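# any chance you can model this:
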Amino acid sequence: MSFRVHVRVMPREGLLDPQGQAVEHALGALGFADAAEVRVGRAIELEVAAPTRPEAEARVREMCDKLLANPVTEDYLLELEEA
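This next block holds a predicted model:
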C-alpha cells in the first residue's frame, strides 16, 4: 500500500523566526500593515510504501526526526492519504 504524505514544518512557537519577521516587515512596507505574526516554514510532499497507515505514519515521523525537521527548533504536522 502507498501513502501520499504532506509534512508541514514550522518554527517552534515562541522561538525567533527571522524569516517571518523579514516577511512581516516587507508586507508592511508594501502597504499590507494588517499582516501580523508572520511565520515562515516549509512544506514537503512524499510518497511512502507501507502495509498500514500507522506504519506509514511512524516511518515518516522517523524521517522528520532524523532529517526533515530539526526537533530542537521546529515542529511538524503530518497529513496522510492513500495514494
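# contacts, neighbours, all on C-alpha from now
OK.
# tell me the strands in the chain, going along the chain?
2-11, 42-49, 74-82 (DSSP state E).
# let me know which of those strands is the nearest to Asp34.
Ranking these by proximity to Asp34 (CA to CA) places strand 2-11 first, at 21.7 Å.
# give me the angle between the closest one and strand 74-82.
Going by axes from the mean of the first three to the mean of the last three CA atoms, to 10 degrees, strand 2-11 is angled at 160 degrees with respect to strand 74-82.
# partner strands of strand 2-11 and their direction?
Sheet partners assigned to strand 2-11 using DSSP bridges are listed as strand 42-49 (antiparallel), strand 74-82 (antiparallel).
# Asp17 is nearest to which of those strands?
Nearest to Asp17, of all the strands paired with strand 2-11, is strand 74-82, at 10.5 Å by CA to CA.
# any idea how far the residue of the chain most remote from its centre lies from Val40?
Ranked by distance from the centre of the chain (CA atoms, centre = their mean), the top residue is Gly31, with 27.7 Å. For Gly31, the distance to Val40 equals 19 Å [CA to CA, to the nearest Å].
# then Glu62?
The gap separating Glu62 from Val40 is 23 Å, by CA to CA.
# so for the two, which sits in the more crowded spot?
A direct count of neighbours by other CA atoms under 10 Å for Glu62 and Val40 places Val40 higher, at 15 against 12.
# OK, contacts around the nearest residue to that one once chain neighbours are set aside?
The spatially closest residue to Val40, leaving aside those adjacent along the chain, is Gly20, at 5.0 Å (CA to CA, 6 or more residues apart in numbering). Residues near Gly20 by CA atoms under 8 Å, 6 or more residues apart in numbering: 37-40.
# let's see that with 7 Å instead.
38-40 (CA atoms under 7 Å, 6 or more residues apart in numbering).
# what does Asp75 give?
9-12.
# Gly53 - how many residues pack around it?
You called it Gly, but residue 53 is Arg. Other residues lying near Arg53 total 17 when counted by other CA under 10 Å.
# what's the distance between it and Gly14?
Between Arg53 and Gly14 the distance, using CA to CA, works out to 32 Å.
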